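Participant: When you get a sec, could you give me coordinates for this:
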Amino acid sequence: MASVLIREAKEGDCGNILRLIRELAEYEKLSDQVKISEEALRADGFGENPFYHCLVAEILPVPGEPQGPCVVGYGLYYFIYSTWKGRNIYLEDIYVKPEYRGQGIGSKIIKKVAEVALDKGCSQFRLAVLDWNKGAMDLYKALGAQDLTEAEASSSPPAQAVLRDCLH
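Facilitator: A predicted model of the protein is given here:
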């Protein structure tokens, strides 16, 4: 089996990231919502003051295989601030191509984002998940997340379950 590398995205990855964003939107039945371009991803993520950060999951070929590395997943995150809790990290998207799920790639991406959060002194790791995405919710809970849908019902969007506190 080929090995998986979780690494910081490079500017040259923007085409693959956009492809995966579109796949995620299709999975969520929201393809018509994707308005971002490869150029915007480049400008917003790789300038002097990036608006977002991104990790990619790359399958490294077995020695002797003719094809090169292949990007099969991503995690896009940014930093937010809570006036009560201070520094937070927000995972906007995490996606792994369906044929590569169940191999721990999503968990590796989340753990790497958690490492970044701890390195930056964040007190919370926040994300939102569509309420019908049971597989994702089960993964987040297995990693120690708490569902805040009921606790923060007045401020949470109805179609999402909000989870946080993966850092403890």
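
Participant: Low-confidence bits of the protein, can you list those?
Facilitator: Across the chain, the ranges flagged by pLDDT under 70 are 1, 150-168.

Participant: so Leu139 sits in a strand?
Facilitator: No: Leu139: not assigned to a strand; according to DSSP: H, G, I helix; E, B strand; the rest coil it is helix.

Participant: Just give me the neighbour total for it.
Facilitator: For Leu139, the tally of surrounding residues (other C-beta atoms under 10 Å) stands at 17. The way it works is simple: take the backbone N, C-alpha and C, and place the C-beta from them, glycine included.

Participant: Could you verify my assumption that it touches Gly104?
Facilitator: No: the criterion here is C-beta atoms under 8 Å, and Leu139 misses it with Gly104 at 10.1 Å.

Participant: Where do the helices of the protein begin and end?
Facilitator: In the chain, the helices defined using DSSP state H lie at 14-27, 38-45, 105-119, 134-142.

Participant: Compare those helices and give me the one nearest Val71.
Facilitator: Nearest of the helices of the chain to Val71, taken as C-beta to C-beta: helix 14-27 at 4.1 Å.

Participant: Name the residue most distant from the centre of this structure?
Facilitator: Here the centre of the chain is the reference, and by C-alpha atoms, centre = their mean the most remote residue is Gly64, at 31.2 Å.

Participant: gap between it and Ala2?
Facilitator: Using C-beta to C-beta, to the nearest Å, Gly64 is found at 12 Å from Ala2.

Participant: Gly12 too?
Facilitator: Computed as C-beta to C-beta, the Gly12 to Ala2 distance reads 21 Å.

Participant: any idea how far Phe51 is from Leu18?
Facilitator: Distance, Leu18 to Phe51, by C-beta to C-beta: 15 Å.

Participant: make that Tyr77, sorry
Facilitator: In terms of C-beta to C-beta, Tyr77 sits 11 Å off from Phe51.

Participant: More neighbours: which of the two?
Facilitator: Shown here are Tyr77 and Phe51; by other C-beta under 10 Å, Tyr77 has more neighbours (24 against 11).

Participant: dump the residue contacts of that one.
Facilitator: Tyr77 makes contact with Tyr52, His53, Cys54, Leu55, Ile89, Tyr90, Leu91, Glu92, Val113, Val116, according to C-beta atoms under 8 Å, 6 or more residues apart in numbering.
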